[in-house]
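A.B. asks: dropping the sequence and predicted coords here.
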Amino acid sequence: MLEKFIVTIDGTSSTGKSTIAKRIARKLSYTYIDSGAMYRALTFFCLEQKIISKSFFKKDVLLKKLNNIKIDFKKNPKNNILEINLNGAFVEDKIRTIMVSDFVSILAKLDDVRTFMVKIQHSLGEKKGVVMDGRDIGTVVFPNAEYKFFLEASPKLRAERRFNELKKNNNKVSYEDVYNNIISRDTHDINRLNSPLKMASDSIFIDTESLDLDEVENIILNHITS
């Protein structure tokens with residue numbers, strides 16, 4: 001059996017990390033783990049449970065519930081695809097809203113939340129054969145990963161990508177709101193004290209500004225297979 005390894009793909013929001021990670025995992029016959037979906041699932045839980053809103057954040061309530069929240073990835077029988085599962089329910093179609101995006105960075109900067117998530121992520125990657133994307137996968141979650149990549153693009157282009165994605169899924173939102181959300185998330189991610197967004201020193205940097213998905217995929221696969 002060929003030796004398996006871990007591939008990490010980090011970067012700012014809407015740089016195509018998830019799409020590329022899925023494609024790389026499929027080409028390698030590896031498991032794709034969307035770490036961002038894990039934080040989104042927790043944010044969705046908090047919104048549903050009235051733990052967070054624009055006017056309040058019941059941090060103590062969340063921390064008391066945290067260890068009883070089950071977040072993992074299971075194969076959805078409806079489409080045979082590995083999807084995020086929250087407390088026994090598939091929530092992939094509920095976590096990609098601008099409302100979730102508005103609050104996810106607030107939760108992601110909490111020490112207890114990140115410790116909780118990293119523990120789950122370690123368990124998912126312990127057998128290797130994993131492609132995982134996120135903000136701190138190559139720096140914190142899997143600092144010894146065999147292959148690390150960091151994707152970037154301008155806020156304007158990332159907002160356009162995200163806006164088109166939301167419109168395609170029938171989400172009613174303005175481009176301005178999406179752009180402001182991108183800037184806000186960048187600020188939160190880069191400046192948080194626990195596991196800030198930064199490129200690992202041994203990551204391969206890819207500017208996706210003028211590249212399509214096929215070109216980004218080829219760059220990554222060439223590094224892995226060469």
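C.D. replies: Good, I have the coordinates. Numbering: from 1, shown residues only.

A.B. asks: so where's the chain shaky on pLDDT?
C.D. replies: Counting by pLDDT under 70, the chain shows low-confidence ranges at 1-2.

A.B. asks: biggest helix in the protein by residues?
C.D. replies: In the chain, with assignment by DSSP state H, the single longest helix is helix 175-191.

A.B. asks: which elements pack onto the next helix or strand after that one?
C.D. replies: Following helix 175-191 in sequence order, the next helix or strand is strand 204-207 (DSSP states H and E). The contact analysis (3 or more Cβ pairs under 8 Å, 6 or more residues apart in numbering; DSSP states H and E) places strand 204-207 against strand 147-152, helix 213-225. In short, each C-beta sits where N, CA and C put it, glycine included.

A.B. asks: from those, which stretch is densest packed?
C.D. replies: Greatest average neighbour count among these goes to strand 147-152 (a mean of 22), per mean count of other Cβ atoms under 10 Å.

A.B. asks: and the angle for that one with helix 213-225?
C.D. replies: Orientation check (axes from the mean of the first three to the mean of the last three Cα atoms, to 10 degrees): strand 147-152 against helix 213-225 gives 150 degrees.

A.B. asks: check contacts around the most centrally placed residue in the chain.
C.D. replies: In the chain, the C-alpha nearest the mean C-alpha coordinate belongs to Gly36, at 2.2 Å (Cα atoms, centre = their mean). By Cβ atoms under 8 Å, 6 or more residues apart in numbering, the contact set of Gly36 is Ser13, Lys17, Ser18, Val104, Asp133, Gly134, Arg135.

A.B. asks: 10 Å instead?
C.D. replies: 13, 17-18, 21, 84, 95, 104, 108, 132-135, 137 (Cβ atoms under 10 Å, 6 or more residues apart in numbering).

A.B. asks: same check on Ser13?
C.D. replies: The neighbourhood of Ser13, defined by Cβ under 10 Å, 6+ apart, consists of 36, 101, 104-105, 135, 155, 158-159, 161-162, 181-182, 184-186, 189, 197.

A.B. asks: Phe90 too?
C.D. replies: Residues in contact with Phe90, defined by Cβ under 10 Å, 6+ apart, are Phe73, Lys74, Lys75, Asn76, Pro77, Lys78, Asn79, Ile81, Glu83, Ile84.

A.B. asks: so the second one belongs to a helix, correct?
C.D. replies: If I follow you right, that is Lys74. No: applying DSSP: H, G, I helix; E, B strand; the rest coil, one finds Lys74 to be strand, outside a helix.

A.B. asks: ok, what's across the strand from it?
C.D. replies: Counting by DSSP bridges, Lys74 forms beta bridges with Glu83.

A.B. asks: any idea how far it is from Thr97?
C.D. replies: With distances defined as Cβ to Cβ, to the nearest Å, the gap from Lys74 to Thr97 amounts to 22 Å.

A.B. asks: who has more neighbours, these two?
C.D. replies: Set side by side, Lys74 and Thr97 show unequal neighbour counts under other Cβ atoms under 10 Å, the larger going to Thr97 at 17 against 12.

A.B. asks: setting the sequence-adjacent residues aside, check what's closest to that one.
C.D. replies: Spatial nearest neighbour of Thr97, excluding adjacent residues (Cβ to Cβ, 6 or more residues apart in numbering): Asn171 at 6.1 Å.

A.B. asks: against Val178, how distant is that neighbour?
C.D. replies: For Asn171, the distance to Val178 under the criterion Cβ to Cβ works out to 10 Å.

A.B. asks: understood, closing this out.
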